[in-house]
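Participant: mind looking at a prediction? Sequence and model below.
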Amino acid sequence: MLYRCVARPLLFSLPPEWVHHVSLGALTRTPVASLLEPFARREFPGLEKKLFGLTFPNPIGLAAGFDKNAEGVTVWPRLGFGFMELGTITPRAQPGNPRPRVFRLSAEQGLINRLGFPNVGAEEVARRLEKIKSSGRWPRVPVGMNIGKNKETPLEEAGRDYVACFRATRDLADYFVVNVSSPNTPGLRDLQQGPLLDSILGPLRDEDPEAKRPLLIKIAPDLTETQIADVVNAVEKYRLAGIVATNTTIDKTGLSVQEQGGVSGRPLTSRSTEIIRAVHRLTGGRVPIIGVGGIFNAADAREKFEAGASLLQLYTGFVYEGPLVVRRICEGLR
């Protein structure tokens, strides 16, 4: 209630990307996380999940895009998250798209972003992770890495970028997610289909032929069922560990803000659930699904699980509901 009535109105009066960076800095460079931990972190043994050979203390994770540069690796478990997905990283550092590039949909409880994978680059992220690991501060929850391509890399050569990101961090993450579904890098969504997808997944599988490191693919919510079936075929062909459903949507029908970019939050809730349900049906439940999109409370989480998700991730729900949201969702699920 304090967050909703006091903190959120204040934060929402300021530019959204600035708020994100300041909040991330406060969590990672001040005692804020330590002060929040007694209220945010709880143990939920009944919610523990085992997937991809990993143990998730609870099924609620931080979605990719929130911690692009691995700044809060030691913080997210203190806020109750059962796992985290860092990135998206690219081989070379890049600034992303021009600002402003994040917009609130306050009336609809959503966000529009056209960030375009701004990040410090795979090698720098690897150095940060290595430093945390060597210091003995590595978290006890699974750490995922979301990998992508640089904006200037031609689609036909995208495979080398994904492989470069994988090589840089292969010993520093517990699972990897191939991001071919962001709407904010020109042409990237074309990589979800056919020979272009093969040109990415084939070389990645060659890097890890025994599939020792779980490799997943993140898909768009705007795919048709035929396109989803094609992705499912690729998942089975390349022995991927699972599917992350979904990224942001380009459908802005009826929204109060009409900016270019991908929509997340409440406007995505139903569509992401439909995609999860379709993937679950097409795979016969054989392929684990990480559900993302418009999860704000336990009822939203339960709906995703009933549709076929095994794990869930938050981004916009975390922004709108505040630092105790994971605890509240887990309490509701319990």
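Facilitator: Yes, it's here. Residues are numbered from 1 along each chain as shown.

Participant: all contacts plus neighbour counts: C-alpha atoms, from now on.
Facilitator: Will do.

Participant: so in this protein, which strand runs the longest?
Facilitator: In the chain, assigned by DSSP state E, the strand with the most residues is strand 83-89.

Participant: what sits up against that one?
Facilitator: Residues outside strand 83-89 that contact it (CA atoms under 8 Å, 6 or more residues apart in numbering): 56-70, 73, 76-77, 117, 119-122, 125, 141-149, 165, 179.

Participant: so after it, what's the next helix or strand?
Facilitator: strand 102-105 (DSSP states H and E).

Participant: pLDDT of the helix or strand hosting residue 177, averaged?
Facilitator: Assessed by DSSP H and E, residue 177 sits inside strand 175-179. Strand 175-179 shows a mean pLDDT of 98.

Participant: look at the residue nearest to residue 322 when sequence neighbours are not counted and report its pLDDT.
Facilitator: Taking CA to CA, 6 or more residues apart in numbering, and ignoring the residues beside it in sequence, residue 322 has residue 3 as its nearest neighbour in space, at 6.2 Å. Looking at residue 3, its pLDDT is 92.

Participant: can you confirm residue 3 is in a helix?
Facilitator: Yes - under DSSP: H, G, I helix; E, B strand; the rest coil, residue 3 sits within a helix.

Participant: how about the helices in the stretch 201-334 of the chain?
Facilitator: Under the criterion DSSP state H, counting those that start in this stretch, the stretch 201-334 of the chain contains helices at 225-237, 269-283, 298-307, 316-321, 325-333.

Participant: these: which one's closest to residue 95?
Facilitator: helix 316-321 (22.0 Å; CA to CA).

Participant: how about the CA coordinates for the closest one, as CSV?
Facilitator: Only the C-alpha atoms of helix 316-321 are listed here, as CSV (Å, rounded to 0.1, in the frame of the first residue of the first chain):
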residue,chain,number,x,y,z
THR,A,316,6.0,-4.6,-15.8
GLY,A,317,4.2,-6.2,-12.9
PHE,A,318,7.3,-5.5,-10.8
VAL,A,319,7.3,-1.9,-11.9
TYR,A,320,3.6,-1.4,-11.0
GLU,A,321,3.3,-3.5,-7.9
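
Participant: and residue 134, backbone torsions?
Facilitator: For residue 134, the backbone dihedrals are phi -70, psi -20 (criterion: degrees, to the nearest 10).

Participant: how close does the residue nearest to residue 322 sit to residue 251?
Facilitator: 30 Å (CA to CA, to the nearest Å).

Participant: got it, and residue 112?
Facilitator: Counting by CA to CA, the gap from residue 112 to residue 251 is 11 Å.

Participant: partners of the strand holding residue 177, with directions?
Facilitator: strand 143-147 (parallel), strand 215-219 (parallel) (DSSP bridges).

Participant: name the helices or strands packed onto the helix or strand that contains residue 27?
Facilitator: Following DSSP H and E, the helix or strand that holds residue 27 is helix 16-29. Judged by 3 or more CA pairs under 8 Å, 6 or more residues apart in numbering; DSSP states H and E, helix 16-29 is in contact with strand 102-105.
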